[in-house]
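K.L.:
3D model of this:
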Amino acid sequence: MVAQYLAGIDIGTTGTRTIIYDLRGRSLARAYREYGCVYPRPSWVEQDLEYLIAQSFAASNEALQEAGIDAKAIAGIGLSTHSGSIVLLDASGKLVRPMISWLDTRNATEMEDIKRLIPVEKYYRASGRPVGPEWFLPKMLWLRKNEPDNWRKTVKVLQVQDMALHAYGDPGYHEDIAECSKFGLWDVFTLGWSAELLDLFDIDPALLPHPTPSGTMIGRVPRDVAEKTGFAEGTPVSVGARDTICVAVGAGMTEPGIVCVNLGTSGVVLGCLDEPRPDPSSRIEINNHAMPGRWQMEGNVPTAGACYRWFRDNIGLPEREEGVRRGIDPYELLNALAGQSPAGSKGLLFLPFFAGSYAPYWDTSLRACYLGLDFAHDRACMARAIMEGVSMHLRNVMGCMQSAGVRIERLRLLGGASRSSLWNQIQADVYGRTCELVRNAEDATTLGAAIMGGVGAGVFRDIPEGVRAMVEVVSEVTPRTENAAMYSDLLEVFTSAVDSLLNGGVFERLVEFRAQGIPE
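P.N.:
Predicted structure coming up:
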């Protein structure tokens, strides 16, 4: 049978999806499974990785049933996975403990330990990233100090990509090269583990996964997995990449000048570089691109769409319940609610820091809050303020990247938020730029993974060929002049508010207050 389709699998932070594409990038069928996190203590975030993979299998099975095609027509499978979540394996290949999520910020003390051992600027030059809570290094130091028994049992330290590939058919544990940077021990400039950092922090390199280029076939679906997922036995499985790398490919970001804003559970601004150009301020991380000879500058925001989900689950309950009753997406109702508020939300600001801040503040103490709330505000203002606050924070990240030398010639909006015409317009207004939307903008991560699966299976010669075949710009959003000017002024207030609260120690004192054992 002639292979006519590719499967992209995305295992995200709060849900997993499988999408079947034809070779022109048109989706034939999709399925989604939602899951959550566990919060054992303040600032601790964990997940059951085996449950996440089981849900991925279920989503794949449902997508294939919906597609109604012979599974043998699928040429290959590629995976996109969230990154920064640490998995410990023992000698028998069993999980030592629950997976610590990338959202977890329990390692503040270990980050200070790192800074005492190596200057921040030197660490950035060695790894391409600031000292931050998401990287594996501070997590590994925390585990070694606080869970010595678990650490002694550990023979491999892995991420979701490695484990998902293994579950789908990889006999070993392979990790895409770009994903290695999340360890905080990878030299993005020379593409190898940093001997300097491994020695300094006494990390055994045998614990680390095998770096492998994205788009490399590393296994085939075995019979037992075929029975659970619906894929044909023997279907090629290829190394994909972490979500922010896949989304760049799925958006066609293969050349400098193209910048992407992906707004899902988390948010990220991505810029393509043809050489590893460090940020002079050491605030924006540099990663390897999925393509050889390219690098990717990234500014991550840990809670972006997650803020809107919090609103849905706590303040938007009427819309959530109505959505269930009418069988429609509650976010459609929430978007309509937010659209009732004028631009600027009547002066209501929202700071989107539910899990601290990565770029550009790199401070785990930051917390989310509404500022300026008075009797003139309603739930519509509160909903819109979240959209605006997330967009303004992303705009600040974008400014840092421009200062570091990233050119913005074309700006593309991606992620689940791109389904909202209101949020797209708010972003165009806040950024003050015309924004492009590609086909499959909300699922660019999955499309990027499918393209890499196609490269590994031999459907495409390389990633650029896959992008030319499967990625297409379909529309533009133009900023409204009056709103852009207003948001420029509001952005100054937003930035001043964050700086004032940080410099005044407000967030730090609140975190300390909660850590005193206040009842949950």
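
K.L.:
could I get the pLDDT score of the closest residue to Ala31 other than its chain neighbours?
P.N.:
Distance criterion C-beta to C-beta, 6 or more residues apart in numbering; nearest residue to Ala31, sequence neighbours excluded, is Glu62 at 3.6 Å. Heads up, the C-betas are built off the backbone N, CA and C, glycines and all. We have a pLDDT of 98 for Glu62.

K.L.:
what of Glu112?
P.N.:
At Glu112, pLDDT is 94.

K.L.:
got the buried residues for the one helix or strand it maps to?
P.N.:
In the assignment (DSSP states H and E), Glu112 maps to helix 108-117. By neighbour count on 16 or more other C-beta atoms under 10 Å, the buried set for helix 108-117 is Ala108, Glu110, Met111, Asp113, Ile114.

K.L.:
what angle sits between whichever helix or strand comes after that helix and helix 108-117?
P.N.:
Using DSSP H and E, the next helix or strand after helix 108-117 towards the C-terminus is helix 120-127. Between helix 120-127 and helix 108-117, the angle comes out at 90 degrees (axes from the mean of the first three to the mean of the last three C-alpha atoms, to 10 degrees).

K.L.:
could you export helix 120-127 as CSV, CA atoms only?
P.N.:
C-alpha atoms of helix 120-127 as CSV (Å, rounded to 0.1, in the frame of the first residue of the first chain):
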residue,chain,number,x,y,z
VAL,A,120,25.5,33.6,35.9
GLU,A,121,27.2,35.0,32.8
LYS,A,122,29.7,32.1,32.7
TYR,A,123,26.9,29.6,33.1
TYR,A,124,25.0,31.2,30.2
ARG,A,125,28.1,31.0,28.0
ALA,A,126,28.5,27.4,28.8
SER,A,127,24.9,26.3,28.4
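
K.L.:
so what touches it?
P.N.:
Here helix 120-127 makes contact (C-beta atoms under 8 Å, 6 or more residues apart in numbering) with 114-115, 118, 129-131, 135, 181, 184-188, 194, 196-197, 278-279, 282.

K.L.:
for Ala417, give me its contacts.
P.N.:
With C-beta under 8 Å, 6+ apart, Ala417 has these contacts: Leu263, Gly264, Ala304, Gly305, Tyr308, Trp423, Asn424, Glu442.

K.L.:
kindly state the beta-bridge partners for the closest residue to it other than its chain neighbours.
P.N.:
Nearest in space to Ala417, with sequence neighbours left out and distances taken as C-beta to C-beta, 6+ apart, is Leu263 at 3.8 Å. With DSSP bridges as the criterion, Leu263 is bridged to Gly267.

K.L.:
any idea how far Val247 is from Leu263?
P.N.:
Distance of Leu263 to Val247, computed by C-beta to C-beta, to the nearest Å: 10 Å.

K.L.:
likewise for Val301?
P.N.:
14 Å.

K.L.:
between these two, tell me which one has more neighbours.
P.N.:
Val247 (30 against 27; other C-beta atoms under 10 Å).

K.L.:
just confirm the more buried one is within a helix.
P.N.:
Yes - per DSSP: H, G, I helix; E, B strand; the rest coil, Val247 lies within a helix segment.

K.L.:
shouldn't it be in contact with Gly448?
P.N.:
Yes - between Val247 and Gly448 there is a contact under C-beta atoms under 8 Å: 5.9 Å.

K.L.:
what's the overlap in contacts for the two?
P.N.:
By C-beta under 8 Å, 6+ apart, the residues touching both Val247 and Gly448 are Ser80.

K.L.:
may I ask you to name the longest helix in the protein?
P.N.:
helix 379-403 (DSSP state H).

K.L.:
now for Pro302: which residues touch it?
P.N.:
Contacts for Pro302 (C-beta under 8 Å, 6+ apart) come out as Trp102, Leu103, Glu134, Ser266, Phe354, Ala355, Gly356, Ser357, Tyr358.

K.L.:
near the first one, how many other residues are there?
P.N.:
I take that to be Trp102. Using other C-beta under 10 Å, Trp102 is surrounded by 28 other residues.

K.L.:
repeat that for the second one.
P.N.:
The local packing count at Leu103 equals 26, with neighbours defined by other C-beta under 10 Å.

K.L.:
what about it, which helix or strand?
P.N.:
Counting by DSSP H and E, Leu103 is found in no helix or strand.

K.L.:
just give the nearest non-adjacent residue to it, would you?
P.N.:
The nearest residue in space to Leu103 (C-beta to C-beta, 6+ apart) is Val45, at 4.3 Å.

K.L.:
follow-up on the earlier one: anything in contact with each of Val301 and Val247?
P.N.:
The contact lists of Val301 and Val247 share Val268, where a contact means C-beta under 8 Å, 6+ apart.
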